[in-house]
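Trainee: generate coordinates for the sequence data below:
(2 chains)
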Amino acid sequence: MEQDKLSNAILVLSCQRRDESAFRELVNRWEPRLYYYLRRIVENESDVWDTLQETWLAVFQNIRKLQDPLKFPTWLYQISHNKAVSLLRKENRYTQMTVEQTADYCENNNTVSAVNEQAELVHKALGKLKLAHREVLTLHFLEGFSIREMARVIGISEGTAKSRLYYAKNELHKALKGANHV
Amino acid sequence: MSEPNGKREFADNLLAQDPPSADKQLRHKEVILKKIERRMCLQKAVIVAIYIVIFLAAFGAFNLRKCTDNVVHSICWGTVSLHILLWSLVYILRGICMEMEGLIEKRLGNDERRRNKNQNLFLTIWAIIVFVLSTWLLYRSFFLTNALKAVQTAVSILWATIFFLIFYPFRTASLIGKLWLEYKKMELNDRT
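Mentor: Numbering: from 1, shown residues only, chains lettered A, B, ... in the order given. The predicted model follows:
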């Protein structure tokens, strides 16, 4: 994890110096994850590719403004989130991204370790959740972002991110149970 | 298996559930990298053009020095020298930062990127040499002819450099420090 973080930071520094090979590597490294994340938000595949393209162009244009290269993953997902949201807004599909009740979040490690071997089930269950829940869970599972980082990516308060993740996990748990019964 | 590795494995399995089709991914990468390459070239061309204009203007002013006011003349050359001096500083810091990056790349065992870094470092060293030489030439060609002007400009350069020193190097130095800390953390993790 530490190595990934450092090697990403170094790639970012090279990109800030306009090193083309570093950009290539950065795209290679992050594209599958961004694709998966965007697919959970934007349904149409061609829209996903368009959003990805806009994301990378924005990354290229603004990477020099990124002061702390160690924060690149959060920054990248933030750009990606904004691009996806503006696309959904254009198509009036961005309806339910602001939630919800406040509740104390408790990390349920058992749930996480129980589903560890069941990526396929989780993937299918994610499709049954609502957009806001799907998004936080994708960020949680893919990148292991902290509450603060998630809040930054989505542009919500930490409290909201905390409760959203809590409810999303509950919903996922229910969906998984339902899948097991079937 | 450690917890972070388990999480990474799970994330990889999750990604494998909905991978992008290879064809589309390749096409998309080609398009995006071509666009980025084009923009990169354009930016470089703009920067080179700005540099050429600045230097041509400076040399133009130098050639017209008999008919220009002394103060204007001295400000003009002061600015050019300051520009060169500050860029030298930027490159020196960049060199240190790249040295640090090279150290980390070596540790991570990424040979290709390390080679690339070495090339960049080589270019940086050349840039520093060119800047130092051109500054020296400027001083010889102009400032040595008028000692008073040389002193006045030197004071301006000193102040501007100090002002600049507060901002850019502080940021780069803190970045170097951060990278160093992360590097040490990684080393410690490897040992334990």
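Trainee: please parse chain A into its domains.
Mentor: For chain A, whose domains are defined here by automatic domain parsing, the residue ranges read A:2-90, A:109-181.
Trainee: out of the ones you listed, which gets the lowest mean score?
Mentor: Comparing the domains of chain A by mean pLDDT, the weakest confidence falls on domain A:109-181, with a mean of 83.
Trainee: how far off centre is it?
Mentor: 10 Å (C-alpha atoms, centre = their mean, to the nearest Å).
Trainee: what number of residues lie near B:K184?
Mentor: The number of residues packed around B:K184, counting by other C-beta atoms under 10 Å in any protein chain shown, is 10. For the C-beta atoms, the positions are set from N, CA and C on the backbone; glycine is no exception.
Trainee: give me the pLDDT for it.
Mentor: Listed pLDDT for B:K184 reads 78.
Trainee: just the element for it, please.
Mentor: helix B:147-191 (DSSP states H and E).
Trainee: kindly report the same for B:I96.
Mentor: Secondary structure assigned from DSSP H and E places B:I96 in helix B:70-108.
Trainee: pLDDT averaged over that helix, what's the number?
Mentor: Averaging pLDDT along helix B:70-108 yields 69.
Trainee: who's the closest spatial neighbour of the residue most central in space within chain A, skipping the chain neighbours?
Mentor: Per C-alpha atoms, centre = their mean, the C-alpha nearest to the average position across chain A is that of A:L139, at 3.6 Å. The shortest distance from A:L139 to any non-neighbouring residue, by C-beta to C-beta, 6 or more residues apart in numbering or on different chains, is to A:F145 (5.0 Å).
Trainee: quickly find the element holding the closest residue to B:L108 other than its chain neighbours.
Mentor: Nearest residue to B:L108, sequence neighbours excluded (C-beta to C-beta, 6+ apart): A:S7, at 5.4 Å. Secondary structure from DSSP H and E places A:S7 in helix A:2-16.
Trainee: go through that helix and flag the buried ones.
Mentor: Using 16 or more other C-beta atoms under 10 Å in any protein chain shown as the burial criterion, the residues of helix A:2-16 that qualify are A:5-15.
Trainee: about what we covered before: what would the domains of chain A look like in JSON lines with distance to B:K7?
Mentor: Formatted as JSON lines, the domains of chain A follow (distance: least, C-beta to C-beta, whole Å):
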{"stretch": "domain A:2-90", "distance to B:K7": "12"}
{"stretch": "domain A:109-181", "distance to B:K7": "5"}
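Trainee: could you count how many residues lie near the residue nearest to A:L139?
Mentor: Quick note: A:F145 (other C-beta under 10 Å) scores 22 neighbours.
Trainee: same deal with the one 3 residues further on?
Mentor: As a burial measure, the neighbour count of A:R148 was computed by other C-beta under 10 Å and equals 12.
Trainee: repeat for A:E143
Mentor: Counted with other C-beta under 10 Å, the neighbours of A:E143 add up to 19.
Trainee: OK, contacts around it?
Mentor: A:E143 makes contact with A:33, A:73, A:77, A:149, B:11, according to C-beta atoms under 8 Å, 6 or more residues apart in numbering or on different chains.
Trainee: how near is the second one to chain B?
Mentor: Taking C-beta to the nearest C-beta, to the nearest Å as the measure, A:P73 and chain B are separated by 12 Å.
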